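K.L.:
Curious how this folds, go ahead:
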Amino acid sequence: MIKLFITDLDGCISHPFESPNWEAISRIKELVALSSTDEAIPPMTICSGRPLPYVEAVSQWIGMKQPMIFESGGGIYDMQTNTLTWNPSFDEAREAELNAIKSHLTENYIRKTPKTIPEFAKRTDIGLINPDPSAIQGMYKSINEFVENNFPNFEVHYTDVSINVISKSTNKGAGIRHLCKMLNLKLDEIAYIGDTSGDIPALEIVGKSFAPKNAKEYVREICEFPLEQETTAAVLEAYEWVIDYNRDLFK
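P.N.:
Coordinates of the predicted model:
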């Protein structure tokens with residue numbers, strides 16, 4: 001039985017810089033509310049590379065009650081108890097490495113590539129944002145090479161509009177493992193939907209894995225259920241599939 005459904009944000013709940021499908025969001029919100037009284041409907045939460053303020057905001061307007069994962073796996077916030085938990089693997093040594101990477105990216109990419117800005121309010125990783133996918137592609141290769149050659153404890157992921165450099169010990173797979181330990185859940189009791197390389201560590205370990213139609217092809221190839229809907233509609237499709245799967249177990 002799936003006891004928790006987890007969704008990524010960018011590329012799943014909505015396209016970056018675009019308003020989400022509010023009809024699908026409304027239905028997701030209805031199902032999340034019903035999860036408190038219908039055992040076939042698992043509660044929903046978020047696992048995103050985005051910083052806490054954005055993840056918390058989306059969680060609030062969908063009505064989620066479960067702890068949420070932000071900065072990939074860097075932190076977990078429980079809104080019900082106002083408890084913030086940082087991944088214990090992010091120690092002073094790892095923070096010093098991250099600061100060195102930040103300095104390099106600030107000097108060589110943020111300041112030199114038009115329309116590139118840092119993703120603010122982050123502690124355990126560094127993110128760059130640029131609305132031009134070709135600019136992201138132009139930066140990704142050299143950033144990835146720099147990190148691989150100098151900082152083996154870190155990994156680089158990208159979307160069409162962002163690049164994230166994160167500690168390998170705080171990727172999304174690590175975040176979900178940490179959350180499962182907190183909630184006393186097994187990994188095979190989790191469903192997850194994601195669309196880019198940063199989601200692969202999560203998709204590889206959960207019980208049911210989904211990818212929307214807009215996901216990168218290599219992500220669709222490794223997940224169990226590649227969907228035909230995009231973004232918000234795909235999240236709803238996956239959530240409803242999980243609910244039907246749970247109901248069948250009760251028959």
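
K.L.:
all helices for this protein, in order.
P.N.:
Using DSSP state H, the helices of the chain run over 22-34, 52-62, 92-105, 133-150, 172-183, 200-203, 217-222, 231-250.

K.L.:
Next, format the ones you listed as a markdown table and append mean neighbour count, distance to S72 and mean pLDDT.
P.N.:
(C-beta placed from N, C-alpha, C; glycine too.) Shown next, in a markdown table, are the helices of the chain (neighbours: other C-beta atoms under 10 Å; distance: least, C-beta to C-beta, whole Å; pLDDT from 0 to 100):
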| stretch | mean neighbour count | distance to S72 | mean pLDDT |
| --- | --- | --- | --- |
| helix 22-34 | 16 | 22 | 98 |
| helix 52-62 | 16 | 11 | 96 |
| helix 92-105 | 15 | 13 | 96 |
| helix 133-150 | 15 | 15 | 96 |
| helix 172-183 | 20 | 5 | 97 |
| helix 200-203 | 23 | 9 | 98 |
| helix 217-222 | 14 | 15 | 96 |
| helix 231-250 | 18 | 19 | 97 |
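
K.L.:
Distance to M79 added to these, as CSV?
P.N.:
Listed next are these as CSV, based on distance: least, C-beta to C-beta, whole Å:
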stretch, distance to M79
helix 22-34, 13
helix 52-62, 7
helix 92-105, 26
helix 133-150, 31
helix 172-183, 14
helix 200-203, 21
helix 217-222, 29
helix 231-250, 20
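
K.L.:
Of the ones you listed, which is nearest T116?
P.N.:
Closest approach to T116 among the helices of the chain is made by helix 133-150 (6.8 Å; C-beta to C-beta).
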